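Student: My questions are about this predicted structure, shown below with the sequence.
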Amino acid sequence: MNVLERKDITYKLNNLPPLKSLAFIWNGKHGYTGSIFKRTIKSTMHIYKHYGIFYGCDYSDTLLVLENNQNGIECVSYNDFMAGHTIFSVDYFVFNPNKIADILNRANERNGLSYDSRRNNCEHFVNYCVHGLAKSMQSETTEKLVDILITFPEISLMLETDKQRFEVLLKSADRLRANMELPREAYAQKMVDEKKKQMGIGKKPAKKPLNSKLREPKNKPLHVTPKKPKT
């Protein structure tokens, strides 16, 4: 388990505290359990956001947030959710308290899944809980940007005239994509395939015809000379 800096009690989904209130007010708007909170991440120059869903307020008037982090799904205080950051907003308000049960049931469905910054991060979690769709625009945007950065040098490969050098560089690009689990876009793959075809890469060598003179038949007939009968 990773050690995250906590100043207050952290709860797991199977041991959530009793709540005094399921509602909050922010900027004059009322929201209920399941409303999506977000705050910026300083280390990314505030480009990336950390997400959680409002759980409620306990009997000590501590505002609690459900979040998916490196330790899995945890219920933390608002202060621990903010972790010293200051830029906060409510990304989505749940106005209907009748949706709370469905949202918490979906949260439990995600419990036990390993955290993955690309496939199961904090944004995947909140979107699944509230909207029923595990989606992260941050992950998708990042993957597209990385794909563009890899695709540019791949396009420059199309100008390569040395077959051996082309093969070496292409293998490096393929290896990088495999390690990052980032398949090539269809248009880029088509260019690569056409270039390989142009350079004769991947073609099977033509089979040489067998010399019929050296080839022995499998079922060679036996030549038997009959013996003359004795007189």
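Tutor: Done, it's in. This one's a predicted model, so the numbers in the text were calculated from it and none came from an experiment.
Student: Determine the longest helix present in the protein.
Tutor: helix 137-157 (DSSP state H).
Student: next SSE after it?
Tutor: On the C-terminal side of helix 137-157, the nearest following helix or strand under DSSP states H and E is helix 163-180.
Student: Now do the helices in this structure.
Tutor: Secondary structure of the chain by DSSP H: the helices cover 78-82, 100-110, 122-131, 137-157, 163-180, 186-198.
Student: Next, the angle from the last one to helix 137-157.
Tutor: So the one you mean is helix 186-198. Going by axes from the mean of the first three to the mean of the last three C-alpha atoms, to 10 degrees, helix 186-198 is angled at 20 degrees with respect to helix 137-157.
Student: So which bits of helix 186-198 are buried?
Tutor: Across helix 186-198, burial judged by 16 or more other C-beta atoms under 10 Å covers 188, 191, 192, 195, 196. In short, each C-beta sits where N, CA and C put it, glycine included.
Student: ok so, going back, contacts for the longest helix of the chain next, please.
Tutor: The contact list for helix 137-157 (C-beta atoms under 8 Å, 6 or more residues apart in numbering) reads 48-49, 117-119, 121, 123-124, 166, 169-170, 173, 176-177, 180, 182, 184-185, 188, 191-192, 195.
Student: Buried members of those residues into PyMOL, please.
Tutor: Selection of buried members from those for PyMOL, criterion 16+ other C-beta under 10 Å:
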select buried, resi 48+49+121+123+124+166+169+170+173+177+184+188+191+192+195
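Student: What's the separation between residue 155 and residue 202?
Tutor: 20 Å (C-beta to C-beta, to the nearest Å).
Student: One more: residue 93?
Tutor: For residue 93, the distance to residue 202 - C-beta to C-beta - is 55 Å.
Student: Neighbour count for those two, which is higher?
Tutor: Neighbours per residue (other C-beta atoms under 10 Å) separate residue 93 from residue 202, with residue 93 holding more: 16 against 9.
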